[in-house]
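S.K.: model this:
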Amino acid sequence: MDPPTSASATAYLTFPWMTKPLFSFISFVIRAMEGSPINLLGFLSPPWKATELFAYVVPFLADAVKAGSNEALVSTPPIPWRTRLCIAMSSLAIDAVRRPDGTVRRFLSLLDVTVGPDASPARGVRTADVPVDPSRGLWFRLFLPALHQITGTGKLPIVVFFHGGGFAFFSPASWVFDAFCRRICHQTGAAVVSVNYRLAPEHRCPAPYVDGVDVLRFLDSYPSNSGGFRHGGPSGGKLLQNFFEAADLSKCFVVGDSAGGNIAHHVAHRWTAGGPPLTKGRIRLVGLVVIQPFFGGESRVESEVRLARDPLLLVNTERTDWLWRVFLPMGACRDHEASNPAAAVEGVGDGFPPAMVVVGGLDPLKGWQTEYVESLRKMEKEAMLVEYPDALHGFIVLPGLGASVATLVEEMRMFIQKHLPTSRAA
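M.R.: Model prediction:
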């Protein structure tokens with residue numbers, strides 16, 4: 001059976017008939033645990049009374065669902081109700097799984113709707129999961145246009161994608177990121193490699209950066225590394241062979257969303273640190289696209305202060321501070337080179353690629369993202385700023401905002417076309 005498309009999965013999660021079971025589930029937990037501490041598989045601890053959970057849930061959802069008409073809210077553009085509901089439920093889940101001691105209740109994985117790969121053409125795109133290092137769970141999902149769509153004399157550019165999720169959540173199999181990568185593949189004509197990197201807090205910085213570089217090395221050395229085209233089983237191996245036949249490793253773009261944008265930057269930084277991009281072998285990084293990249297610092301930028309109390313936002317300072325605390329090396333502050341944009345660009349090599357940086361006007365992290373652009377320019381690197389004034393953080397995976405996502409991917413397509421090398425043979 002084909003994986004659900006972005007539209008069908010969104011409808012399943014957010015249409016009115018689905019809201020009743022969601023609230024019924026919450027009510028069931030409340031009724032079942034009423035009068036006793038909640039300790040369902042360690043989901044909520046320290047123990048909260050069910051009445052306390054109810055007192056938290058109802059006002060939170062009510063504020064988020066009616067947002068837009070509430071004059072106290074900062075986010076003024078009209079936002080579809082299903083987008084507001086999705087943000088409310090996602091925020092509730094994220095807050096519920098974060099422990100004060102810096103650990104995560106992996107209960108959220110039960111709420112993460114995932115889809116499997118499909119090597120047969122599904123809506124113009126074929127997919128397969130390819131293992132890189134099973135001992136650490138390193139693999140990638142490969143997206144390749146259907147054979148009849150691979151035409152022309154030039155080979156396909158490559159997009160190496162890193163998903164968002166605060167370094168701690170989701171995977172390439174999450175339907176929202178599977179759907180986004182399918183859209184990139186279909187709309188830009190690029191082959192997409194979506195990396196399953198290790199997650200915090202179990203794996204702190206620099207684990208995802210190392211994983212990203214290792215995937216580039218895997219592609220750079222394949223198939224001479226080992227195993228021929230047998231990775232991923234018969235169907236996956238065949239698709240991997242098609243990938244190397246159709247794609248041009250010298251046309252590689254590194255792309256990431258939110259925390260994935262941060263990872264994309266650091267992977268590009270590490271890959272090009274030794275000098276010009278051609279010194280690393282067949283892989284040549286020719287462009288970097290970071291979508292609302294997750295950067296921060298010890299100080300508070302204006303956008304963080306201005307949007308601090310808006311319940312319509314997935315990102316706030318309390319959540320981001322927690323995410324940095326569980327991701328950065330033990331004892332490091334938020335001005336560490338992994339998080340602070342000014343420190344992150346220090347020492348970028350001559351081969352660091354041109355960057356497209358996407359920011360949203362309603363993203364509390366906008367100030368850090370614009371500082372990242374300014375820092376790159378101070379290092380005499382090409383950095384194009386693309387701003388969506390009414391965009392929330394994470395808008396690429398939120399329901400009801402498909403038009404903005406289509407516009408973004410079109411911007412990406414034009415950026416890719418602009419930076420394709422013309423002097424090298426396909």
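
S.K.: contacts only, for the nearest residue to Met330 once chain neighbours are set aside.
M.R.: Excluding its sequence neighbours, the residue lying closest to Met330 (C-beta to C-beta, 6 or more residues apart in numbering) is Arg204, at 7.3 Å. C-beta coordinates here come from the backbone N, C-alpha and C atoms, glycine included. By C-beta atoms under 8 Å, 6 or more residues apart in numbering, the contact list for Arg204 reads 326-330.

S.K.: from Thr317, how far off is Arg204?
M.R.: 21 Å (C-beta to C-beta, to the nearest Å).

S.K.: save the contacts of Arg204 as a markdown table, and put in neighbour count, distance to Asp211 and pLDDT too.
M.R.: Formatted as a markdown table, those follow (neighbours: other C-beta atoms under 10 Å; distance: C-beta to C-beta, whole Å; pLDDT from 0 to 100):
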| residue | neighbour count | distance to Asp211 | pLDDT |
| --- | --- | --- | --- |
| Val326 | 20 | 17 | 96 |
| Phe327 | 27 | 14 | 98 |
| Leu328 | 22 | 17 | 98 |
| Pro329 | 10 | 16 | 98 |
| Met330 | 8 | 20 | 96 |
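
S.K.: surely Ile87 meets Gly400?
M.R.: No: if you go by C-beta atoms under 8 Å, Ile87 and Gly400 don't touch, sitting 10.4 Å apart.

S.K.: the more surrounded of those two?
M.R.: Legend: neighbour count by other C-beta atoms under 10 Å for Ile87 and Gly400, higher for Ile87 (23 against 17).

S.K.: what about the more buried one, which SS state?
M.R.: With DSSP: H, G, I helix; E, B strand; the rest coil as the basis, Ile87 sits in helix.

S.K.: using CSV, write down the CA coordinates of stretch 254-261.
M.R.: C-alpha atoms of stretch 254-261 as CSV (Å, rounded to 0.1, in the frame of the first residue of the first chain):
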residue,chain,number,x,y,z
VAL,A,254,22.8,20.3,1.9
VAL,A,255,19.4,21.2,3.2
GLY,A,256,17.9,21.2,6.7
ASP,A,257,14.8,22.5,8.6
SER,A,258,15.1,24.0,12.1
ALA,A,259,17.5,21.8,14.1
GLY,A,260,18.2,20.1,10.7
GLY,A,261,19.2,23.5,9.4
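
S.K.: going along the chain, name the helices of this protein.
M.R.: Secondary structure of the chain by DSSP state H: the helices cover 6-14, 16-33, 50-65, 81-97, 108-111, 175-188, 207-221, 233-246, 259-272, 302-306, 317-327, 341-344, 366-378, 402-419.

S.K.: mean confidence for stretch 167-187?
M.R.: Across stretch 167-187, pLDDT averages out at 96.

S.K.: show me what counts as buried in it.
M.R.: 167-187 (16 or more other C-beta atoms under 10 Å).

S.K.: same deal with stretch 92-105?
M.R.: Neighbour-count burial for stretch 92-105 [16+ other C-beta under 10 Å]: 92-94, 96-99, 104.

S.K.: ok, of the residues you listed, which one's closest to Gln292?
M.R.: The nearest member of the buried residues of stretch 92-105 to Gln292, counting by C-beta to C-beta, is Ile94 at 16.4 Å.

S.K.: so what's that closest one up against?
M.R.: 108, 166, 169, 314, 319.

S.K.: you'd agree the third one is up against Pro201?
M.R.: No: contact status for Phe169 versus Pro201: not in contact, 11.2 Å apart, counting by C-beta under 8 Å.

S.K.: that older thread, adding distance to Tyr388, write the helices of the chain out as CSV.
M.R.: What follows is the helices of the chain, written out as CSV (distance: least, C-beta to C-beta, whole Å):
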stretch, distance to Tyr388
helix 6-14, 18
helix 16-33, 28
helix 50-65, 21
helix 81-97, 14
helix 108-111, 27
helix 175-188, 15
helix 207-221, 26
helix 233-246, 32
helix 259-272, 15
helix 302-306, 14
helix 317-327, 20
helix 341-344, 19
helix 366-378, 10
helix 402-419, 6
